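>>> Turn this into a structure:
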Amino acid sequence: MTNAGGSEHVDVVVVGAGLSGIGAGCRLQTECPDRSYLILEAREALGGTWDLFRYPGVRSDSDMFTLGFPFRPWLGEKSLVDGPSILAYLRDTAREHGVDRHIRYGTKVVAADWSTTEARWTLTLRRTEGEVVTDSTMTCDFLYSCAGYYDYDQGHAPAFEGAETFAGRIVHPQFWPEDLDYTGQRVVVIGSGATAVTLVPAMADRAAHVTMLQRTPTWIGVVPGRDRIADWLRAVLPQRAAHRLARTKNILFTVGFYQFCRRRPEAARKLLTGLNTRILRDEAMVHAHLTPSYDPWDQRLCAVPDADLFKALRAGRASIVTDHIDSFVPEGVRLRSGEVLEADVVVTATGLRLLALGGVSASVDGEAVDLARQFVWNGAMITGLPNFALCIGYTNASWTLRADLTSRLVCKVLNHMSRHDYAAVVPRPDRPLAERPLLDLASGYVRRSVAAFPRQGDRRPWQVRQNYLLDAATTLRTRLDRTLVPTARASVHRAAAPDRTSEHASGRTSVPG
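Below you'll find the predicted structure:
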């Protein structure tokens with residue numbers, strides 16, 4: 001559809017065609033069938049994280065019964081799967097539900113300005129073809145950011161002294177080179193997070209040796225790659241019933257284990273170190289390299305499927321060194337202790353960078369909105385930004401659990417607006433809130449960037465809780481009329497009412513709840 005001025009207009013624009021954006025499209029089609037929508041994706045393919053990251057062994061540390069969508073059962077044999085399998089699942093979901101017909105690729109949303117008088121967003125879009133950059137605009141009534149909170153254009157890359165003297169090759173996992181052949185080579189992986197513990201066993205199969213170089217240890221938990229209980233359920237129950245029960249089981253376990261770690265940290269430390277010692281059969285290694293000073297879940301806990309990292313360590317194909325980097329030298333990495341780790345390839349798995357709203361510059365009536373002074377309502381909408389929502393997943397459980405709740409809440413808000421003939425709504429607290437960080441983790445990648453994000457408050461519905469059971473029970477029961485301030489459609493002045501027929505509103509398919 002077009003505006004009176006000739007620019008394109010849709011009811012809802014979703015930013016990002018990754019896990020969150022595909023899920024949002026499915027929910028919009030089912031729960032808001034009268035709304036046209038368009039998904040704008042900066043890259044040339046759907047999938048987000050799972051299309052971008054191509055490093056060896058890339059995988060999720062969340063099980064597919066909870067990382068997958070509740071309306072589309074996971075039918076694969078393994079519960080913890082590799083990136084290509086997740087990407088195939090996303091592509092199949094988008095195709096089966098017709099969401100792929102609503103995606104516009106190669107279109108980056110760089111700015112969004114809300115007009116109070118017209119009650120709509122004007123988006124600045126950027127397309128880059130070779131060296132040619134083209135900007136255009138379009139409008140929408142509601143803007144939903146499903147771009148996650150990572151910076152896809154650049155990762156965290158600390159400057160290492162002497163890196164330019166290194167005779168080998170330095171690569172970053174976020175931009176894995178297709179021509180890298182590390183067969184028979186000595187590899188040093190700098191880092192100890194989820195990416196590092198994935199890379200080490202995957203590269204150890206072909207490399208001469210892989211060393212994981214960490215400044216401090218990370219809590220690691222071994223999990224089975226295949227869910228035997230889910231296999232049994234699928235053998236005796238109908239497909240959807242088995243998926244629902246397996247999903248429920250995994251949700252209860254994840255929430256229960258997280259609460260155990262937070263409430264009984266000493267017992268959790270003892271449990272994890274005991275299990276890792278039993279698998280590795282090397283108490284000294286566990287004490288020196290796998291026992292952090294912080295408690296479990298002060299930072300994100302890394303899951304290792306089928307103990308693949310520990311198997312590589314036991315076989316001697318990989319090792320862990322805990323030390324600080326002094327500098328790079330031509331033959332490798334020199335440590336503060338004086339030791340030199342000889343290497344042909346160094347992988348800097350030093351973490352990701354956070355980026356609020358996917359880098360979209362948000363303003364209201366031409367004035368930039370300071371996100372750091374805003375609060376998040378129900379983990380979805382932001383004070384100061386009318387008709388705007390963002391999708392952020394859990395840090396202690398599958399991203400999709402929270403993402404799907406948020407998309408359903410957005411649909412509830414849109415239907416609430418239609419019922420009451422509201423042109424706009426914006427969340428506003430009834431009294432001052434105590435300010436807390438949006439992401440309450442001590443991880444370095446969070447501390448480096450979280451100050452630029454909106455805040456959470458000290459009470460519902462302004463808290464971003466890391467508890468799916470509580471959120472599932474309360475989020476969709478939120479009284480919208482108590483915390484969302486409306487603007488009546490009758491008070492809005494637009495040049496012309498847009499034609500509500502659009503190719504983007506067609507091709508809808510059913511998504512069970």
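>>> Enumerate the positions of stretch 112-129 that are buried.
Buried positions in stretch 112-129, judged by neighbour count with 16 or more other C-beta atoms under 10 Å: 112-115, 118-125. Yep, even glycine has a C-beta here, placed from its N, CA and C like the rest.
>>> show me where the stretch 351-500 of the chain has helices.
Using DSSP state H, counting those that start in this stretch, the helices of the stretch 351-500 of the chain run over 399-420, 444-449, 468-474, 480-483.
>>> ok, now the stretch 101-250 of the chain?
Secondary structure of the stretch 101-250 of the chain (DSSP H, counting those that start in this stretch): helices located at 194-204, 228-236, 239-263.
>>> circling back to that earlier point, just the helices of the stretch 351-500 of the chain: most buried one?
Mean neighbour count (mean count of other C-beta atoms under 10 Å) peaks for helix 399-420 among these, with a mean of 21.
>>> How far does that helix sit from its chain's centre?
Remark: helix 399-420 is offset 18 Å from the chain centroid, using C-alpha atoms, centre = their mean, to the nearest Å.
>>> same question, stretch 413-433
The chain centroid and the centroid of stretch 413-433 are separated by 26 Å under C-alpha atoms, centre = their mean.
>>> who's in contact with that stretch?
Identification of contacts with stretch 413-433 by C-beta atoms under 8 Å, 6 or more residues apart in numbering yields 12, 31-32, 34-35, 119, 141-142, 375, 377-378, 381-387, 389, 455, 457-459, 462, 480, 482-492.
>>> Strands - which of these land there?
The strands, defined by DSSP state E, take in 12, 141-142, 377, 381-382, 389, 484-488 from the contacts of stretch 413-433.
>>> In a markdown table: the helices of the stretch 101-250 of the chain, plus mean neighbour count.
As requested, the helices of the stretch 101-250 of the chain are exported to a markdown table (neighbours: other C-beta atoms under 10 Å):
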| stretch | mean neighbour count |
| --- | --- |
| helix 194-204 | 25 |
| helix 228-236 | 14 |
| helix 239-263 | 17 |
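>>> can you redo those as CSV with distance to residue 39?
Listed next are the helices of the stretch 101-250 of the chain as CSV, based on distance: least, C-beta to C-beta, whole Å:
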stretch, distance to residue 39
helix 194-204, 27
helix 228-236, 31
helix 239-263, 25
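>>> Let me have the ones you listed in CSV, adding mean pLDDT as columns.
Converted to CSV, the helices of the stretch 101-250 of the chain look like this (pLDDT from 0 to 100):
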stretch, mean pLDDT
helix 194-204, 95
helix 228-236, 95
helix 239-263, 94
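>>> Of all these, which one is nearest residue 341?
Checking these against residue 341 by C-beta to C-beta gives helix 194-204 as the closest, at 13.7 Å.
>>> Remind me what the closest one packs against, helices and strands.
Helices and strands touching helix 194-204, as assessed by 3 or more C-beta pairs under 8 Å, 6 or more residues apart in numbering; DSSP states H and E, comprise strand 186-190, strand 209-214, strand 302-305, helix 308-314, strand 318-322.
>>> Please work out the angle formed by the directions of that helix and strand 318-322.
Using axes from the mean of the first three to the mean of the last three C-alpha atoms, to 10 degrees, the inter-axis angle of helix 194-204 relative to strand 318-322 is 140 degrees.
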